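Visitor: Quick one, fold the following:
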Amino acid sequence: MVEVDFYEKLEVARSASSDEIRAAHRTKTKLWSKRQMASDQSQRHEAETWVRWLAEARQALLTTDDARSKYDAKLSQGVSTPTPATVPAQNGTSDWVSQARDFLSHGDYHSAAYAAREATHTIGNSAESWILRSRANAGLGEVQDALYEAKQATTIDAKNPEYRFHTGSLLETLERWDQALVEYRTAAKLDGSNFLYPLAEASVFLQNGHTDEGISILRRILAAHPSEQIVKNYLAAALFEKAEETPARQAGHSYVVTSSDEIEKMRGLASESDSLTTDPDIKAAIVQMRGYLDRMEAKTWHVPSLFNNSVLWAIGIPLMLFVIGIVLIDSIGFLLILASFGAGYLVYNKCWVPRWKAAIPGR
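Guide: Alright, predicted model coming up:
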């Protein structure tokens with residue numbers, strides 16, 4: 001048996017490919033790494049639990065096929081699920097709020113949901129009990145219920161930036177982007193010293209393809225908080241995405257460079273990204289991108305459409321001129337021999353080209 005079903009935590013099928021798992025892992029890492037910056041201790045501890053799970057998930061599912069097979073074998077025997085708390089403390093009373101916070105900090109969402117409901121019944125209609133119920137239901141995947149409970153909390157305590165941030169994260173999960181931005185911006189106005197809220201705003205822009213807007217916000221955050229590695233990692237990821245968006249030829253998740261300007265721009269963005277990040281996935285992706293750009297700059301023999309894609313024309317014309325010149329062996333023949341070398345040089349320039357030129361349709 002295993003203690004944690006990493007597939008469930010990553011919200012992917014057990015048959016998911018490594019690329020699918022890696023993408024889900026990256027998304028969850030972005031989400032929970034920024035939540036480690038929360039001022040609320042319980043939320044920080046919950047985020048730290050998730051970061052630990054994600055590190056273990058990476059080790060179990062993404063290092064080697066053998067490691068994943070061993071984990072899958074253990075998972076097939078079941079998951080040891082903690083028993084929810086159902087009884088009060090021995091002294092006859094129960095601080096359900098404290099218990100709910102403790103369960104949440106350890107990622108025990110079933111127990112947290114029970115304790116949070118009891119807290120609501122015990123202390124009545126309070127913002128804190130509603131937000132605890134919301135966090136528990138969010139952990140259980142009941143996002144709509146969690147959003148309703150979060151809105152109850154923000155109605156009671158509209159000036160709590162952490163409640164606003166939590167509500168925004170739920171709206172982001174539901175892809176209600178505009179509403180999420182409103183919550184994040186409200187949180188930032190309520191607490192201008194916490195970079196977590198503009199970081200979340202930048203994340204929304206990046207997820208919706210507005211890379212330049214996201215990078216602009218992240219640069220401002222980094223200027224104000226130059227030592228925060230999480231901001232550097234976010235900016236590094238955004239710069240890498242910008243590099244991938246640079247080529248004019250895009251097809252789904254792939255691209256083909258078509259100019260030296262594109263290569264130069266991509267190299268610059270990749271270098272800045274590499275200098276900022278400690279994320280192994282981003283660094284590995286940068287290595288792959290640089291390898292691709294190196295291959296595209298390497299020269300290869302390619303006969304352009306100017307010669308109707310015929311090697312016969314590319315080689316035959318200079319050779320024909322050279323042979324005729326040899327046969328004539330006079331001043332005209334000498335000129336033809338020179339012309340053959342000139343034609344050969346032109347063909348060489350046209351046909352010995354970087355691979356990116358060979359990849360352009362119609363060449």
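
Visitor: Tell me where the protein is predicted with low confidence.
Guide: Low-confidence segments of the chain, defined by pLDDT under 70: 81-94, 301-352, 359-363.

Visitor: can you give me the strands in it?
Guide: Per DSSP state E, the chain carries strands over the ranges 249-251, 254-256, 299-301, 352-354.

Visitor: okay if I get the ones you listed as TSV plus distance to R220 and mean neighbour count?
Guide: (C-beta placed from N, C-alpha, C; glycine too.) Below are those laid out as TSV (distance: least, Cβ to Cβ, whole Å; neighbours: other Cβ atoms under 10 Å):
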stretch	distance to R220	mean neighbour count
strand 249-251	28	11
strand 254-256	28	15
strand 299-301	42	12
strand 352-354	38	16
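
Visitor: Looking at the ones you listed, spot the one closest to A16.
Guide: A16 sits nearest to strand 254-256 of all these, at 20.2 Å, using Cβ to Cβ.

Visitor: Other residues contacting the closest one?
Guide: Here strand 254-256 makes contact (Cβ atoms under 8 Å, 6 or more residues apart in numbering) with E244, T246, P247, R249, W356, A359.

Visitor: Then stretch 222-238?
Guide: Defining contact as Cβ under 8 Å, 6+ apart, one finds that stretch 222-238 is touched by 30, 33-34, 36-37, 195, 199, 202-203, 206, 211, 214-215, 218-219, 221, 272-274, 276-279, 282.

Visitor: Pull out the buried residues from these.
Guide: 30, 33-34, 36-37, 195, 199, 202-203, 206, 211, 214-215, 218, 221, 272-274, 276-277, 279, 282 (16 or more other Cβ atoms under 10 Å).

Visitor: Which of those residues fall in helices?
Guide: Filtering the buried ones among the contacts of stretch 222-238 for membership in helices, criterion DSSP state H, returns 30, 33-34, 199, 202-203, 206, 211, 214-215, 218, 221, 272-274, 276, 282.

Visitor: can I get the strands of the chain in JSON lines with distance to D95?
Guide: JSON lines is the format used below for the strands of the chain (distance: least, Cβ to Cβ, whole Å):
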{"stretch": "strand 249-251", "distance to D95": "56"}
{"stretch": "strand 254-256", "distance to D95": "55"}
{"stretch": "strand 299-301", "distance to D95": "72"}
{"stretch": "strand 352-354", "distance to D95": "69"}
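
Visitor: Out of those strands, which is closest to L293?
Guide: When those are compared by Cβ to Cβ, strand 352-354 sits nearest L293, at 10.5 Å.

Visitor: Which residue, neighbours along the chain excluded, lies closest to Y148?
Guide: The shortest distance from Y148 to any non-neighbouring residue, by Cβ to Cβ, 6 or more residues apart in numbering, is to S134 (8.0 Å).

Visitor: Show the contacting residues for the one you found.
Guide: S134 is in contact with D145, A146, L147, Y148, E149, A150, A153, H166, L170, counting by Cβ under 8 Å, 6+ apart.

Visitor: Surely the second one and I131 touch.
Guide: Right, the one you point to is A146. No: A146 is beyond contact range of I131, at 9.7 Å (criterion: Cβ atoms under 8 Å).

Visitor: measure the residue nearest to T300 when sequence neighbours are not counted to A298 for me?
Guide: Of all residues not flanking T300 in the chain, R355 sits nearest, at 5.3 Å (Cβ to Cβ, 6+ apart). R355 sits 6 Å away from A298, going by Cβ to Cβ, to the nearest Å.

Visitor: So which of these two has more stuff around it?
Guide: Set side by side, R355 and A298 show more neighbours around R355, with 17 against 10, by other Cβ atoms under 10 Å.

Visitor: so what's the more buried one up against?
Guide: Contacts of R355 (Cβ under 8 Å, 6+ apart): R295, M296, E297, A298, K299, T300.

Visitor: I'd say H110 and G141 touch.
Guide: No: under the criterion of Cβ under 8 Å, H110 makes no contact with G141, lying 11.7 Å away.

Visitor: Just want to know which of the two has more residues nearby.
Guide: H110 (16 against 12).

Visitor: do you know how far that one is from Q77?
Guide: 20 Å.

Visitor: can you check L199 too?
Guide: 40 Å.

Visitor: Kindly report the same for A38.
Guide: Separation of A38 from Q77 (Cβ to Cβ): 35 Å.
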